[in-house]
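> The following comprises the amino acid sequence and a computationally predicted model.
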Amino acid sequence: AGRPPSRGGEAVIWGMPAVNYERMLQAAIANGAKLNQVVYWSRPVNWRNQTLTPNPDTIYLNPFYDTTNGPVVVEIPPADADHVIVGSFDVAWQNALADVGPAGADKGQGAKDLLTPPGYTEKAPEGLIVLPSETFRGFVILRSNFKSRSDADVAAAVAYGKRVRLL
């Protein structure tokens, strides 16, 4: 049996998810993005993307949400024969709120997901999937997969991904 981690080591392990969220957000902002906006890559990621576990066979979309001024709606398009959006809603601590796509509550049929701030008690409009966030800010990691690396297939995945909306 080894020694238990020091308090400093415990602090690093505890804080890593929040620091990683903040670094992702600041990198997006440094590249022109804003909160409550969908950020997407127009090409597959490569070694220049310093994400720890990027998938080079997909187009990434990252809405960074902020519910400080009230709930935010994220609209996910329904899957079709050629395209699907998959991923998850996450709080700033990188705890998942819900899956998106065939494994999610919408079962790939598309949805409007309502992200609510901590302590929110108002009744949500009908037809929305309510996701109570434990933090005011967080992110959604989404993927729009393509069939091949051809320019046409990548462009189609980007176009489909652009159907994701923050309302």
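The structure has been received and is ready for your questions.
> As a check, name the ranges of all strands in the protein.
Under the criterion DSSP state E, strands of the chain are mapped to 37-40, 58-66, 72-76, 85-91, 96-100, 111-116, 128-132, 137-145, 165-166.
> Just put those in JSON lines and tack on mean neighbour count.
From N, CA and C alone the C-beta is placed, and that goes for glycine too. Rendered in JSON lines, the data for the strands of the chain read as follows (neighbours: other Cβ atoms under 10 Å):
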{"stretch": "strand 37-40", "mean neighbour count": "17"}
{"stretch": "strand 58-66", "mean neighbour count": "22"}
{"stretch": "strand 72-76", "mean neighbour count": "21"}
{"stretch": "strand 85-91", "mean neighbour count": "22"}
{"stretch": "strand 96-100", "mean neighbour count": "17"}
{"stretch": "strand 111-116", "mean neighbour count": "21"}
{"stretch": "strand 128-132", "mean neighbour count": "17"}
{"stretch": "strand 137-145", "mean neighbour count": "22"}
{"stretch": "strand 165-166", "mean neighbour count": "14"}
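> Of all the ones you listed, which one is nearest Ala152?
strand 58-66 (13.4 Å; Cβ to Cβ).
> Run the angle between the closest one and strand 72-76 for me.
160 degrees (axes from the mean of the first three to the mean of the last three Cα atoms, to 10 degrees).
> So which residues make contact with strand 58-66?
With Cβ atoms under 8 Å, 6 or more residues apart in numbering as the test, strand 58-66 has contacts from 24-25, 28, 33, 35-45, 54, 72, 74, 85, 87, 115, 133, 136-146, 154, 157-158, 161, 164, 166.
> Appreciated, that's everything.
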